[in-house]
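> Structure for the following, please:
(2 chains)
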2 protein chains.
Amino acid sequence: MDPEEYRRAAYASVDYIVDYYKTITERQVVSDVEPGYLRQLLPTEMPQEPESWDDIHKDFDSHIVPGLTHWQSPNFLAFFPGNTSFPSILGELYSAAFSAPAFNWICSPAVTELETIVLDWLAKQMGLPSEFLSDTEGGGVIQGSASEAVVTTMVAARDRYLRDAIASKYSTEEEKEAAIAAARGKLVAFASDQTHSSTQKAALIAGVKFIAIKTYPEDNYALTGAALTKAFKEAEDKGLLPFFLTASLGTTAICAIDKFVEIGEATKDYPHTWKHIDAAYSGAALICPEFQHYLAGVEYFDSFDMNMHKWLLVNFDASCLYVRKRKYLTDALSITPSYLRNAASDSGLVIDYRDWQIPLGRRFRSLKIWFVMRTYGAKGMQEHVRKTLGIGMHFTKLIQAHPDVFSIATPPRFGLTVFQVVPSRPEETANEVTKKVANRINNEKVLFLTASTVDGKECIRVVTGSPWATDKAMSEAFEYILTVSEEERQN
Amino acid sequence: MDPEEYRRAAYASVDYIVDYYKTITERQVVSDVEPGYLRQLLPTEMPQEPESWDDIHKDFDSHIVPGLTHWQSPNFLAFFPGNTSFPSILGELYSAAFSAPAFNWICSPAVTELETIVLDWLAKQMGLPSEFLSDTEGGGVIQGSASEAVVTTMVAARDRYLRDAIASKYSTEEEKEAAIAAARGKLVAFASDQTHSSTQKAALIAGVKFIAIKTYPEDNYALTGAALTKAFKEAEDKGLLPFFLTASLGTTAICAIDKFVEIGEATKDYPHTWKHIDAAYSGAALICPEFQHYLAGVEYFDSFDMNMHKWLLVNFDASCLYVRKRKYLTDALSITPSYLRNAASDSGLVIDYRDWQIPLGRRFRSLKIWFVMRTYGAKGMQEHVRKTLGIGMHFTKLIQAHPDVFSIATPPRFGLTVFQVVPSRPEETANEVTKKVANRINNEKVLFLTASTVDGKECIRVVTGSPWATDKAMSEAFEYILTVSEEERQN
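Numbers count the residues shown, from 1 in each chain, chains lettered A, B, ... in the order given. Purely as a prediction, here's the structure:
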């Protein structure tokens, strides 16, 4: 493909994307394909001869696109939103064109420098404490996902704990090493039972134990200081070492908010325990000042993570991780073989983000963030957050207006409504009928929503953060859910 | 930005990219900017009001592009290539437009299914054993980088070892747990001293020890079976447990190739030790049958990784990891909370690649691979590999033709030439003059190359894999290196 062929193909692809978005509301949100559909359509071997773009694109249109689930559709009400936006797509286009595994400053200075700048912009806009800005001992870094953010901080936390809480008690290298080896098997990471599974997975990767602390409906499923104190004490009684905690600003199933101030107070006697805030979805709301009170207590925490690729119009991946002391990341992750040495890095004047993350290489992800921030402006992004919150609230009110059919299961928050279907026949439980409704809706594929279990209750989760969402589309979604629910209650 | 504004902006961006590639050879390969340049050009706060694309793009052109290092330039001779190609850029464009953190099959069936298909195509084209194909107990998965591939396999290896080699010797859960806790601090991962730093970093992340085995010039810096046997024995004598080994097909500094058959024989008595092949760069050559003899011994290995985003025309990131038994990845990494359950996954008919990797979400990366494979065909990709190898060989011959000025340091392989400058004055060593030449060239920024230390020798590495490389550009690069070297030898 020469440059002129590329120009033609790219123009056509841009047109295809425009058409896609103009028809997004009409497309069936979840694909109809059956497992293994694509293997039946494509050859078993790689083509030997070059093929024309027209032929490739024809297969793309007929074989690939029908197998997509449309996350940008207003009928996508499952999980959390996974937004993209036009300026974000342009950022990825340029990033691919200038492709580089930009692992240090000299590999492409703009990649490093723009990242520092947009992450500082974002931290200020969210009202994070100044200790998380790059002109202090802290700073932000773009990770691929909240999972990678939690693994990265947990590894830094583990090494800090083993060094500062364990090895520091001994004088010889031999004693230190023996003490560290003995402590490794006793390290334990904590989170509430509502916390996203990524913390448990991070513990598997870091090779440490994991304890989930039970939460209760009377606390709106938040992790409290008292529960944490009790859990830490119980662990210590068994000889375990609490070295890491994830607290959530908006848990996955129900958007619960842990009690940051209480947690901070409860962990005052644990100076070596790393405290991480996972605000992957809900943290996006912090760009609006009216939500920044949720940050109360953040001063007790070592790190904070929010995914712009969920609600904030930047396509996957753009997980924004902030740490109070970047030294703990680089202490744990920095290795500099001779082929990576260079004058700029040796001078200490530049940031090498490779030492803040698991991979060595990195894409130019700050570009799409910069394009989105400037195209929307803070005001445009706030408008998007408030508009989609309003659409969520609109749905909540519709659910609440039908107490005979639906019951709210947990307090609606950040546009998420979690509800059960009320059974109409004495022999059927709310769990049974709710599950039937969720399954039928997801099988019919008019909408896509999530079925989730909260404290033994089978619930339906509905949330939108799509820039294409409207009150009207949400009303139609509600009407459909109501019809299905009324039918299933009778069956 | 509405769809029509996007169309206009995207057309202009496509034109910008075409112009960029048409002028790539004229651009200075490394940026002239000083550390901190961008902070002086951009505001300290995020813009509050939306801005026009024209204004944003003007700043992009004047502030961002001058801060890029041009990895696609034929004058980029550093590290390993980081190719992109036009069909790959189109793949990223569509991936961003259909953005989704497609963590399981139902989240976008085509994302999962196309990945399985193109990875099977690639494995067959490279001549990997059939055990690495998806219709067996193994299979391939796209990782972000070779670093992530080695962390992922090391975590799977660690858990397999602790279960199969340690816990299996005990009967009660309590005994098993105590034995595992005691063993954790004794686990050790091995690699040669030429292996890419990612294995050492993976050991930091997995919380295990790392031992680098010394290699020797008489073995062309390959890891041998005898050296491995000795290193394992020494570790065991100290009570350590060898659970993981990285062997390289093409090391970073010099493209050394470890002795796979010998390593396989030497580890026959270590059935629980995971053996990984890192073929990140050089593995690309395997798409040509004449290089597949390098795979001899692969039957002893548990996993194999090759980065298409280096030499194979797919933009970063596309690291293709194959495992012989996928069960070991999912055993170590699978967690399924209620909100991720769905009928397709529960049925066992589909692959959920999230259980084969660290992150939960995943981009649609197989699309760019598919576009590249079909646009080039195997023959076009082979032609690219052979052409750039020829250009590398052309450079080697130019170096060899000037034995008074240059000496080859290690055998040229896979297009990489590693050489020293021969000193002309008795008071200067080869190390000194080579370092001077490398520093001056990288400071002048006409070319970008890597200075690297091999076994105490300061060397210059030159390699190209760029589709824009030509014999002519390489001859000019050589003439420039020759001029600088001759000058520095006199100074």
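> Tell me, how many residues neighbour residue A:401?
Applying other CB atoms under 10 Å in any protein chain shown, we find 10 residues neighbouring residue A:401. The way it works is simple: take the backbone N, C-alpha and C, and place the C-beta from them, glycine included.
> For it, give its distance to residue A:227.
For residue A:401, the distance to residue A:227 equals 35 Å [CB to CB, to the nearest Å].
> same deal with residue A:435?
Distance of residue A:435 to residue A:227, given as CB to CB: 29 Å.
> cool, and residue A:285?
Using CB to CB, residue A:285 is found at 25 Å from residue A:227.
> higher neighbour count, these two?
Ranked by neighbour count (other CB under 10 Å), residue A:285 and residue A:227 place residue A:285 first, with 26 against 21.
> Quick one, grab the pLDDT at that one.
With respect to pLDDT, residue A:285 has a value of 98.
> Report pLDDT for the residue lying closest to it once chain neighbours are set aside.
In this structure, residue A:285 finds its nearest non-sequential neighbour in residue A:291, 4.2 Å apart by CB to CB, 6 or more residues apart in numbering or on different chains. Listed pLDDT for residue A:291 reads 98.
> if I've got this straight, residue A:291 is in a helix?
Yes. Counting by DSSP: H, G, I helix; E, B strand; the rest coil, residue A:291 falls inside a helix.
> For residue A:306, see how far away it is.
Residue A:291 is 12 Å from residue A:306, where distance means CB to CB.
> Neighbour count for those two, which is higher?
Using other CB under 10 Å as the criterion, residue A:291 and residue A:306 rank with residue A:306 on top: 33 against 20.
> helices or strands up against the helix or strand hosting the more buried one?
Assigned by DSSP states H and E, residue A:306 belongs to strand A:303-307. Judged by 3 or more CB pairs under 8 Å, 6 or more residues apart in numbering or on different chains; DSSP states H and E, strand A:303-307 is in contact with helix A:146-161, strand A:274-278, strand A:319-323.
> what's the angle between that strand and helix A:146-161?
Angle of strand A:303-307 versus helix A:146-161, following axes from the mean of the first three to the mean of the last three CA atoms, to 10 degrees, is 170 degrees.
> how about the helices in the stretch 151-300 of chain A?
Here the stretch 151-300 of chain A has its helices, by DSSP state H, counting those that start in this stretch, at A:173-184, A:198-206, A:225-237, A:260-266.
> quick one: buried residues of the first one?
Taking 16 or more other CB atoms under 10 Å in any protein chain shown as the basis for neighbour counts, the residues of helix A:173-184 that come out buried are A:176, A:179-181, A:183-184.
> again with the shortest one
Going by neighbour count (16+ other CB under 10 Å), the buried part of helix A:260-266 is A:260, A:262-264, A:266.
> Tell me the buried residues in the helix or strand where residue A:476 lies?
Assigning secondary structure by DSSP H and E places residue A:476 in helix A:471-490. Residues A:473-474, A:476-478, A:481-482, A:484-485, A:488-489 are the ones in helix A:471-490 that count as buried (16+ other CB under 10 Å).
> and the stretch 201-350 of chain A, which of its residues are near chain B?
A:201, A:204-208, A:252-253, A:309, A:315-317, A:332-333, A:335-344, A:347, A:349-350 (CB under 8 Å from any CB of the partner chain).
> hmm, 7 Å instead?
By CB under 7 Å from any CB of the partner chain, the part of the stretch 201-350 of chain A that sits against chain B consists of A:201, A:204-207, A:252-253, A:309, A:315-317, A:332-333, A:335, A:337-339, A:344, A:349-350.
> of those residues, buried ones?
A:201, A:204-207, A:252-253, A:309, A:315-317, A:332-333, A:335, A:337, A:339, A:344, A:350.
> tell me which of the buried residues of helix A:260-266 is nearest to chain B?
The closest of the buried residues of helix A:260-266 to chain B turns out to be residue A:263 (CB to the nearest CB; 22.0 Å).
> surely the closest one meets residue A:248?
No. Residue A:263 is beyond contact range of residue A:248, at 10.7 Å (criterion: CB atoms under 7 Å).
> Common neighbours of these two, please.
Residues touching both residue A:263 and residue A:248 by CB atoms under 7 Å, 6 or more residues apart in numbering or on different chains: none at all.
> Identify each buried residue in stretch A:201-219, please.
So for stretch A:201-219, counting by 16+ other CB under 10 Å, buried means A:201-211, A:213, A:215.
> Tabulate the buried residues of helix A:260-266 (CSV), appending pLDDT.
CSV is the format used below for the buried residues of helix A:260-266 (pLDDT from 0 to 100):
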residue, pLDDT
A:260, 98
A:262, 98
A:263, 98
A:264, 98
A:266, 97
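> Quick check: the farthest pair among those residues?
Within those, A:260 and A:266 form the most distant pair, 10.7 Å apart (CB to CB).
> Torsion angles phi and psi at the closest residue to residue A:457 other than its chain neighbours?
Of all residues not flanking residue A:457 in the chain, residue A:409 sits nearest, at 5.8 Å (CB to CB, 6+ apart). Torsion angles at residue A:409 (phi, psi; degrees, to the nearest 10) stand at phi -90, psi -40.
> Residue A:409 and residue B:336, how far apart?
21 Å.
> what's the answer for residue A:159, then?
29 Å.
> So for those two, which sits in the more crowded spot?
Each of residue A:159 and residue B:336 has its neighbours counted (other CB under 10 Å); residue A:159 has more, 21 against 15.
> so that one sits right up against residue A:332, yeah?
Yes. Contact status for residue A:159 versus residue A:332: in contact at 4.2 Å, counting by CB under 7 Å.
> before we move on, the earlier item: and the strand holding residue A:306, C-alpha only, in CSV?
The C-alpha trace of strand A:303-307 is given here as CSV (Å, rounded to 0.1, in the frame of the first residue of the first chain):
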residue,chain,number,x,y,z
SER,A,303,-2.1,6.4,45.1
PHE,A,304,-5.2,7.2,43.1
ASP,A,305,-6.4,5.8,39.7
MET,A,306,-9.1,6.9,37.3
ASN,A,307,-9.8,5.6,33.8
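> rewinding a little: which of the buried residues of helix A:173-184 come close to chain B?
Applying CB under 7 Å from any CB, the subset of the buried residues of helix A:173-184 adjacent to chain B comprises A:180-181, A:184.
> Tabulate those (TSV), appending pLDDT.
As requested, those are exported to TSV (pLDDT from 0 to 100):
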residue	pLDDT
A:180	94
A:181	90
A:184	91
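> Next, format those as TSV and append distance to residue B:467.
Output for those, formatted as TSV (distance: CB to CB, whole Å):
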residue	distance to residue B:467
A:180	49
A:181	50
A:184	47
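> just to revisit the earlier point, hey, least reliable of the helices of the stretch 151-300 of chain A by pLDDT?
Looking at the helices of the stretch 151-300 of chain A, the bottom one is helix A:173-184 with a mean of 93.
> CA atoms only for that one, dumped as CSV, please.
Output of helix A:173-184 as CSV, limited to C-alpha atoms (Å, rounded to 0.1, in the frame of the first residue of the first chain):
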residue,chain,number,x,y,z
GLU,A,173,22.6,-8.3,54.4
GLU,A,174,22.2,-12.0,55.3
GLU,A,175,19.8,-11.3,58.1
LYS,A,176,17.8,-8.8,55.9
GLU,A,177,17.5,-11.4,53.1
ALA,A,178,16.4,-14.1,55.5
ALA,A,179,13.8,-11.8,57.1
ILE,A,180,12.5,-10.8,53.7
ALA,A,181,12.2,-14.4,52.5
ALA,A,182,10.4,-15.3,55.7
ALA,A,183,8.0,-12.3,55.4
ARG,A,184,7.0,-12.9,51.7
